[in-house]
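Participant: Structure of the sequence below:
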Amino acid sequence: MTFREWDMNRVKSMLVAAVAAVVMAASGCGSMIQQLRARDHLNKGVNAFKAAAYAQAVEHFKQAIELDPSFLNARLYLATAYMSQFVPGAESEENKRNAEAAEKGFQDVLQRDPNNLLALESLGSLAFNQKKLDEAKQWYEKLIKLDGTRKTAYYTIGVIDWTKAWAPQMEVAAKLGMRPDDLGPIKDKKARDELKSKNDPVVDEGIQMLTKALEIDPAYDDAMAYLNLMYRQKAYIAETSEDNRKLSAQADQWMQKALETRKKKAEVSLTAPGQKTS
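Facilitator: Prediction:
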């Protein structure tokens with residue numbers, strides 16, 4: 001090979017390398033432009049979301065994801081926009097589609113980030129509002145394992161436990177001709193024992209969950225109100241009238257505490273800055 005041939009080959013190699021560098025730079029620049037456009041759509045979507053223009057927000061979030069498939073916040077916002085349009089209890093096809101799209105969106109986030117707390121909490125809330133209690137409980141239990149400070153997770157499990165205990169209680173009351181507001185205890189020993197074996201573990205777990213929520217937030221009045229209901233459940237299946245009275249008294253104490261706490265919160269919210277309640 002002559003020097004001229006070698007030099008020409010060297011120039012060609014340099015040109016190929018230069019072209020490759022330009023292509024890579026252009027690709028990187030293009031990727032950056034795509035990301036900037038994705039963020040622009042996210043910002044526009046957030047503004048639409050805040051204005052409750054959910055359909056418009058959804059389109060912007062979809063555009064952001066199309067431009068940047070790795071954009072996790074856009075996926076979270078998209079799922080949240082669908083969930084915001086879901087109305088608990090509504091039976092329309094559109095409502096069902098919104099719930100399905102929201103669930104799919106949050107599941108999509110979890111596939112990319114299995115420990116995403118917002119996605120877990122949202123899936124729990126979505127399932128709970130669709131009355132899928134067992135599914136909701138599972139999501140909240142996963143959330144608690146990752147973050148034991150989420151008071152709403154403990155509280156919602158407590159509410160689920162109360163709901164599960166209340167239904168069979170009402171069935172027994174109806175069979176025995178007891179009034180819904182009758183505090184018990186159930187006089188029929190067989191019926192009481194059967195209900196107790198079914199409800200005691202559920203109610204005890206509910207009390208544990210609500211107590212944990214109050215450890216996190218001692219002023220959590222909703223948790224207090226449900227502790228009142230839980231102790232009334234226990235009073236209903238108490239074996240003696242004396243136990244019934246003691247448990248009913250505990251329930252009354254929690255209800256009174258809930259009312260006092262709500263009153264204090266209301267006073268604080270009505271107090272102007274710099275002033276104190278009397």
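Participant: so where is the stretch 151-278 of the chain shaky, pLDDT-wise?
Facilitator: 180-183, 271-278 (pLDDT under 70).
Participant: at 80 what do you get?
Facilitator: Along the stretch 151-278 of the chain, the parts satisfying pLDDT under 80 run over 178-184, 269-278.
Participant: Would you map the helices across it?
Facilitator: Using DSSP state H, counting those that start in this stretch, the helices of the stretch 151-278 of the chain run over residues 151-176, 189-216, 221-236, 241-270.
Participant: Packing partners of the third one?
Facilitator: Spelled out, it's helix 221-236. helix 151-176, helix 189-216, helix 241-270 (3 or more Cβ pairs under 8 Å, 6 or more residues apart in numbering; DSSP states H and E). In short, each C-beta sits where N, CA and C put it, glycine included.
Participant: same thing with the longest one?
Facilitator: Counting contacts by 3+ Cβ pairs under 8 Å, 6+ apart, helix 241-270 packs against helix 221-236.
Participant: Just give me the residue closest to the centre of this structure.
Facilitator: Against the mean C-alpha coordinate of the chain, by Cα atoms, centre = their mean, the closest residue is Glu121 at 2.8 Å.
Participant: In contact with Asn98, which residues?
Facilitator: Taking Cβ atoms under 8 Å, 6 or more residues apart in numbering as the criterion, Asn98 is in contact with 82-83, 85-86.
Participant: and with 6 Å instead?
Facilitator: 82, 85-86 (Cβ atoms under 6 Å, 6 or more residues apart in numbering).
Participant: so which of those residues is the most crowded?
Facilitator: Tyr82 (24 neighbours; other Cβ atoms under 10 Å).
Participant: looking at it, that one is touching Ala101, isn't it?
Facilitator: Yes. Using Cβ atoms under 6 Å, Tyr82 and Ala101 qualify as a contacting pair, with a distance of 4.1 Å.
Participant: Would you tell me which of the helices of the stretch 151-278 of the chain gets closest to Glu91?
Facilitator: Taking Cβ to Cβ, helix 151-176 is the member of the helices of the stretch 151-278 of the chain nearest to Glu91, at 20.4 Å.
Participant: So which bits of the closest one are buried?
Facilitator: Using 16 or more other Cβ atoms under 10 Å as the test for burial, helix 151-176 gives 151-162, 164-166, 169, 172-173.
Participant: What's the per-residue pLDDT of Pro114 here?
Facilitator: Pro114 is assigned 95 on the pLDDT scale.
Participant: For it, give me the backbone phi and psi.
Facilitator: Pro114 has phi and psi values of phi -60, psi -20 when expressed as degrees, to the nearest 10.
Participant: How many residues are close by it?
Facilitator: By other Cβ under 10 Å, the residues close to Pro114 number 11.
Participant: Ok, Gln56 next?
Facilitator: For Gln56, using other Cβ under 10 Å, the count is 16.
Participant: repeat for Ser84
Facilitator: For Ser84, using other Cβ under 10 Å, the count is 15.
Participant: ok, the closest residue to it other than its chain neighbours - contacts?
Facilitator: Closest residue to Ser84 apart from its sequence neighbours, by Cβ to Cβ, 6 or more residues apart in numbering: Tyr54 at 5.8 Å. Contact analysis of Tyr54 by Cβ under 6 Å, 6+ apart lists 81, 84-85.
Participant: Now with 10 Å, please.
Facilitator: By Cβ atoms under 10 Å, 6 or more residues apart in numbering, the contact set of Tyr54 is 45, 48, 80-85, 98.
Participant: Just send the helices and strands packed on helix 221-236 back as TSV, with distance to Lys62 too.
Facilitator: Formatted as TSV, the helices and strands packed on helix 221-236 follow (distance: least, Cβ to Cβ, whole Å):
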stretch	distance to Lys62
helix 151-176	29
helix 189-216	37
helix 241-270	39
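Participant: can you map out the helices along the stretch 1-150 of the chain?
Facilitator: 3-50, 54-67, 72-84, 93-112, 117-129, 133-146.
Participant: Switch those over to TSV; also include distance to Ala235.
Facilitator: Below are the helices of the stretch 1-150 of the chain laid out as TSV (distance: least, Cβ to Cβ, whole Å):
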stretch	distance to Ala235
helix 3-50	46
helix 54-67	45
helix 72-84	38
helix 93-112	37
helix 117-129	26
helix 133-146	23
